[in-house]
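Participant: output the structure for:
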Amino acid sequence: MSRRIALALTLHNHQPGGNFGWVIEETYRHAYLPMVEAIERHPGVRLALHYTGPLLEWLGVEHPDFIDRLRALVERGQVEILGGGYFEPVLASLPERDRLSQLTRMADEVERRFGRRPKVAWLAERVWEPDLPTSLAGAGYESTIVDDAHFRAAAIPENAMWGPYTTEDQGKLLTVFGTEQGLRYRIPFRQVDDVIAYLWDHATEDGSRLGTMGDDGEKFGAWPSTWKHCWGEERWVERFFEALEANAGWLATTTPSDWLAANRPLGRVYLPVGSYAEMGEWALPPEESRAFHDSLERARAEGRPEARWLRGASWRHFQVKYREINDLHKRMLRVSDKVATMPPGPARETAQDDLLRGQSNDIYWHGLF
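Facilitator: Next up, the predicted model:
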C-alpha cells in the first residue's frame, strides 16, 4: 500500500474594527477575493476559512456577493467556516461572561450567514490558557487550533504532532489541533514541489497522519511582496492547488471537523500557557528578547535538542512591558462590570456591543507590523 497523508489548510482572515475602508478593500482585492476565486476553480481542494466579526460586517456591506460565494462553497462541502471570538479578542484576557458572549455571537453570525453552526473556534493569536476548554465547550465548540509549540511544551514528540489531541478543563472536553511549523513556514514561501515533498516525507502506510496549517490569509497576497508571488507571475497558489489535485491519490485535503468525524484523536494532552514562539519573544523586555532570539536561533542552527524547550514570556507580559496596555485592560474590566449590572434593554445592548468591540486583541500587544 502506498503512503498517504491528509492536509487541513485553515486560513484566518482578520481586520480590526475601525480600520480604514480603503485598507480593507486593498486587502480584499489582493488576498481575500483571489483566494476564494482559486478555491472555486479547484473543487478538489477542501479547506477551512475563518473571517472575524468586523471583517464579516464589512464584507456584508461592501461585497455581499462575496458572502454568497462563500456560502455556495460551504453548501457544496468544500469549505468549513470557523467560529471564535466575534471581535477577535484574546479570550484569556476576558471575564467568563464576555468570553461566552464573544464566542456565541460569532457562532450565531456564522450560522446566520452560512447555514451551519461552527464546531471549530479560531483562537486569537493562538493564546492558550488551561481554562479555555470550559469557555469554548460552554459556547458549543468542539475543537480549536493551537501552535505546535504548545505541543512541544507539553512534551509531545516531534513525530507525534501529526494529528489532534483531546484536552479538558473541569471535565469540559475539547479537541486541539496543532498548526505544524514545517507547513506553516513553507506555505506559501517555499517552492510548491518542496511542500509536496515535505508532505510525502511525513506520509505513512496507514494514512493516519494529518498536517494542519493554520495561519493568516493575508500572507497570500496582502503581505509585502506576496501578491506577485501568490497571484502574479509566479502563480504560487494556483500551482499549489493544481499539485494538491494531481496528488489526491495519496494526499487528501480535508477540514478539521471532517477529519474528526472519521478519525480518533491521537491521545490526551494538557497544554501549558503559551502562544506561537514569536509572540513569546515579542512579549519579553528588549534585552531579554534579543538574548532569547539569539539563543533560540543558535540552538536551532546547531541542532541542539534544547531548542524545543526554549520559550519566551506569556502574552499577558505585555501588560508589564507597557503600562498603558495594562491600563487599557483594567479599564475594559471595569466597563465590563458596569455593563453586567445594567438592566436589560436597548441601552444595555448598545453598551454590550461597544464593550465587545473594544475587546479586540489588536491594541494589547505588538508584533513585526
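Participant: strands along the chain, start to end?
Facilitator: Applying DSSP state E to the chain gives strands spanning 5-13, 47-51, 79-81, 83-84, 120-122, 143-147, 165-169, 172-179, 210-216, 251-253.
Participant: out of these, deepest packed?
Facilitator: Among those, strand 83-84 has the highest mean neighbour count (mean count of other C-beta atoms under 10 Å), at a mean of 29. (Each C-beta comes from the backbone N, C-alpha and C, glycine too.)
Participant: other SSEs contacting that one?
Facilitator: helix 96-114, strand 120-122 (3 or more C-beta pairs under 8 Å, 6 or more residues apart in numbering; DSSP states H and E).
Participant: for Phe66, find the nearest of the strands of the chain.
Facilitator: strand 47-51 (9.7 Å; C-beta to C-beta).
Participant: who does that closest one pair up with?
Facilitator: With DSSP bridges as the test, strand 47-51 is paired with strand 5-13 (parallel), strand 79-81 (parallel).
Participant: got a markdown table for these, with distance to Leu210 and mean pLDDT too?
Facilitator: Listed next are the strands paired with strand 47-51 as a markdown table, based on distance: least, C-beta to C-beta, whole Å; pLDDT from 0 to 100:
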| stretch | distance to Leu210 | mean pLDDT |
| --- | --- | --- |
| strand 5-13 | 5 | 98 |
| strand 79-81 | 14 | 98 |
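Participant: the closest residue to Phe87 other than its chain neighbours and Thr104: what is the separation?
Facilitator: Closest residue to Phe87 apart from its sequence neighbours, by C-beta to C-beta, 6 or more residues apart in numbering: Ser360 at 4.7 Å. From Ser360 across to Thr104, the span is 17 Å (C-beta to C-beta, to the nearest Å).
Participant: looking at those two, which is more packed in?
Facilitator: Ser360 (23 against 17; other C-beta atoms under 10 Å).
Participant: what residues are up against the closest residue to Val74 other than its chain neighbours?
Facilitator: In this structure, Val74 finds its nearest non-sequential neighbour in Phe114, 4.8 Å apart by C-beta to C-beta, 6+ apart. Taking C-beta atoms under 8 Å, 6 or more residues apart in numbering, we find Phe114 in contact with 70-71, 74, 81.
Participant: and for Leu368?
Facilitator: By C-beta under 8 Å, 6+ apart, the neighbours of Leu368 are Glu278.
Participant: I'd guessed Leu49 sits against Leu82; true?
Facilitator: Yes - between Leu49 and Leu82 there is a contact under C-beta atoms under 8 Å: 7.0 Å.
Participant: what is in contact with these two at once?
Facilitator: Contact criterion C-beta under 8 Å, 6+ apart; residues shared by Leu49 and Leu82: Thr10.
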